[in-house]
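Asks: Just need the structure, nothing else, for what follows:
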Amino acid sequence: MHKYFLALLLAVLSFLGPRAQAQGTAAHNPLVYADVPDMSMIRVGKTYYMSSTTMHLSPGVPIMQSTDLVNWHLVSYAYDTLTSTDAMALTHGQSTYGRGSWASSLRYHQGTYYV
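Replies: Numbering: from 1, shown residues only. Down below sits the predicted model:
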């Protein structure tokens, strides 16, 4: 009976130890004035980059950077403002929604980053 109690105690402690350590780590994420769905993430070396949808807001498509996937900082935006075209304003016979940007995709190839 003593062996079973000791085995149960060790099993419970093995689950509580890592959980207590994880709760002690505080994450600090940037506040970004934008919608943040449709994230795209890549890793280049030991650094992670993430972009997200901003729809009609400008500047658009925030690019964030992290080395631990917990603490992120804002690097830049993909654009300051979008050009006002007929497709963006649905004028002059344009009927396809073209206002804003969504579901960006980050890529890296031979030293060049692509959005």
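
Asks: roughly how far apart are residue 59 and residue 39?
Replies: 17 Å (C-beta to C-beta, to the nearest Å). C-betas here are computed from N, CA, C, even on glycine.

Asks: And residue 111, by the same measure?
Replies: For residue 111, the distance to residue 39 - C-beta to C-beta - is 24 Å.

Asks: between those two, which one's more packed in?
Replies: Just comparing residue 111 and residue 39: by other C-beta atoms under 10 Å the higher neighbour count belongs to residue 39, 13 against 6.

Asks: for the closest residue in space to residue 60 that isn't next to it in sequence, phi and psi?
Replies: Using C-beta to C-beta, 6 or more residues apart in numbering and skipping residues adjacent in sequence, the residue nearest residue 60 is residue 54, 4.4 Å away. Residue 54 adopts backbone torsions of phi -130, psi 0, taken as degrees, to the nearest 10.

Asks: Could you tell me the model confidence score at residue 54?
Replies: Note for residue 54: predicted pLDDT of 81.

Asks: Just give the nearest non-adjacent residue to residue 46, would you?
Replies: Once flanking residues are discounted, residue 46 sits nearest to residue 67: 6.0 Å by C-beta to C-beta, 6+ apart.

Asks: residues contacting that neighbour?
Replies: Residue 67 is in contact with 46, 47, 48, counting by C-beta atoms under 8 Å, 6 or more residues apart in numbering.

Asks: in this protein, which spans are helices?
Replies: Counting by DSSP state H, the chain has helices at residues 2-23, 86-89.

Asks: hey, least reliable of those by pLDDT?
Replies: Among the helices of the chain, helix 2-23 scores lowest, with a mean of 55.

Asks: what about stretch 71-83, start to end distance?
Replies: Using C-alpha to C-alpha, to the nearest Å, one end of stretch 71-83 lies 33 Å from the other.

Asks: Repeat that for stretch 78-94.
Replies: 25 Å.

Asks: can you check stretch 104-115 too?
Replies: 6 Å.
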